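**Q** fold the stuff below for me.
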Amino acid sequence: MLEQVIAAVKEVAHQEIMPRYLQVERIYKEDGSFYTEADMAAQTSLLERLHRICPAAMIGEEMTGLQQHEQWEAGQDGVWAIDPLDGTSNFMNGLPFFATSVALLREGRSVLGVVYNPATDELFYAERGKGAFLNGKPLPLSKRKIPLRNAIANVDFKRLNRKLAEAVVAGHPYASQRNFGACALEWCYTAAGYFDLYLHGGQKPWDYAAGCLILEEAGGHRCALDKDDYWSGQPWRRSVIAALDQELFNQWRDWVRSHQS
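**A** Okay, here's the model as predicted:
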């Protein structure tokens with residue numbers, strides 16, 4: 001199944017997304033967010049292909065909220081979580097940091113995940129219990145033992161509560177910070193060892209389902225701001241505290257939680 005999903009993801013990315021790179025306009029939703037023709041075309045094509053591979057329920061970012069919740073509730077035999085174009089703002093502005101993300105969840109946990117950036121030809125993938133890979137190379141690509149003060153963090157500030165965001169800005173415990181604007185790839189870059197730390201205030205299933213599995217299979221560690229069991233509770237908004245190294249993760253988790261309220 002993994003090989004079939006990889007083939008489907010790469011085919012859709014090259015047929016529906018890359019030909020529209022810098023060629024499409026924003027279409028605004030009622031909540032002020034936006035999508036493009038590329039998002040919709042890729043989602044439609046992925047839904048068709050994935051249904052042929054495994055006819056499970058499907059939730060995609062460009063579905064309505066009602067459709068997403070109905071599909072999640074119908075997913076007793078599994079749910080596909082799909083972000084056809086993660087990082088739409090980057091895609092619109094010509095920044096080559098966007099991806100197609102697909103995960104299969106069973107009993108609320110990811111068992112297969114694929115994240116593909118067609119602009120850089122970076123293919124991240126994992127199956128539960130079988131390790132994680134980037135273009136055939138086992139992850140992480142590098143793993144270093146460093147103190148928290150020397151770490152590079154990927155932090156998304158806009159979804160953190162104000163107190164935590166101000167604490168991170170004013171007294172961050174790490175050396176340097178990035179925010180690349182594509183959740184699935186940020187998970188994968190943490191799994192690869194490009195980032196030492198990751199912090200995000202709230203993600204939907206299509207944001208985290210594939211990337212979280214890839215990080216786990218790379219040997220990384222993660223939790224939410226308010227709970228250690230990342231996969232427990234409602235799936236619709238999950239925060240992220242993550243790192244590859246266990247000791248570094250413990251230090252980062254403790255620092256973040258001590259500054260959030």
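
**Q** can you list the neighbours in contact with the longest helix that the chain contains?
**A** Scanning the chain for the longest helix, with DSSP state H as the assignment, gives helix 37-53. Helix 37-53 is contacted from outside by 1, 4-5, 8-9, 11-13, 15-17, 20-21, 24-25, 27, 58, 60-63, 80, 82, 84-85, 88, 91, 100, 102, using Cβ atoms under 8 Å, 6 or more residues apart in numbering. The way it works is simple: take the backbone N, C-alpha and C, and place the C-beta from them, glycine included.

**Q** tell me the SS of the most centrally placed residue in the chain?
**A** By Cα atoms, centre = their mean, the chain has its centre lying nearest to Ala184, at 2.2 Å. Following DSSP: H, G, I helix; E, B strand; the rest coil, we place Ala184 in the helix state.

**Q** from Pro55, how far off is it?
**A** To Pro55, Ala184 is 24 Å away according to Cβ to Cβ, to the nearest Å.

**Q** now do Ser89
**A** Distance of Ser89 to Pro55, computed by Cβ to Cβ: 33 Å.

**Q** who has more neighbours, those two?
**A** Neighbours per residue (other Cβ atoms under 10 Å) separate Ser89 from Pro55, with Ser89 holding more: 14 against 11.

**Q** how about that one, secondary structure?
**A** helix.

**Q** so what's it up against?
**A** Per Cβ under 8 Å, 6+ apart, neighbours of Ser89: 95, 181.

**Q** show me where the stretch 51-200 of the chain dips below the pLDDT cut-off.
**A** Filtered on pLDDT under 70, the stretch 51-200 of the chain yields no residues whatsoever.

**Q** can you show me the helices along it?
**A** Remark: helices assigned in the stretch 51-200 of the chain by DSSP state H, counting those that start in this stretch are 65-73, 88-93, 162-171, 183-192.

**Q** among those, which is nearest Lys145?
**A** helix 183-192 (16.0 Å; Cβ to Cβ).

**Q** neighbouring contacts of the closest one?
**A** 83, 86-87, 97-99, 101, 115, 117, 122, 124, 132, 134, 139-142, 154, 156, 180, 195-198, 200, 203, 207-208, 210-212, 214-215, 217-218, 220, 240, 242-244.

**Q** let's see that with 7 Å instead.
**A** For helix 183-192, the surrounding residues in contact (Cβ atoms under 7 Å, 6 or more residues apart in numbering) are 83, 86-87, 97, 99, 101, 115, 117, 124, 132, 134, 139-141, 154, 180, 195, 198, 200, 203, 207-208, 210-212, 214-215, 218, 220, 242, 244.

**Q** just the buried ones out of these, please.
**A** Neighbour counting with 16 or more other Cβ atoms under 10 Å marks 83, 86-87, 97, 99, 101, 115, 117, 124, 132, 134, 139-140, 154, 180, 195, 198, 200, 203, 207-208, 210-212, 214-215, 218, 220, 242, 244 as buried within the contacts of helix 183-192.

**Q** how much space between Tyr21 and Pro96?
**A** 9 Å.

**Q** just Asp229 next, same as before
**A** Distance from Asp229 to Pro96, by Cβ to Cβ: 35 Å.

**Q** ok, the two, which is more surrounded?
**A** A count of neighbours by other Cβ under 10 Å puts Pro96 above the other of Asp229 and Pro96, at 13 against 8.

**Q** so what's the residue count around the closest residue to the more buried one other than its chain neighbours?
**A** What sits nearest to Pro96 in space, not counting adjacent residues and going by Cβ to Cβ, 6 or more residues apart in numbering, is Ala119, at 3.6 Å. By other Cβ under 10 Å, the residues close to Ala119 number 19.
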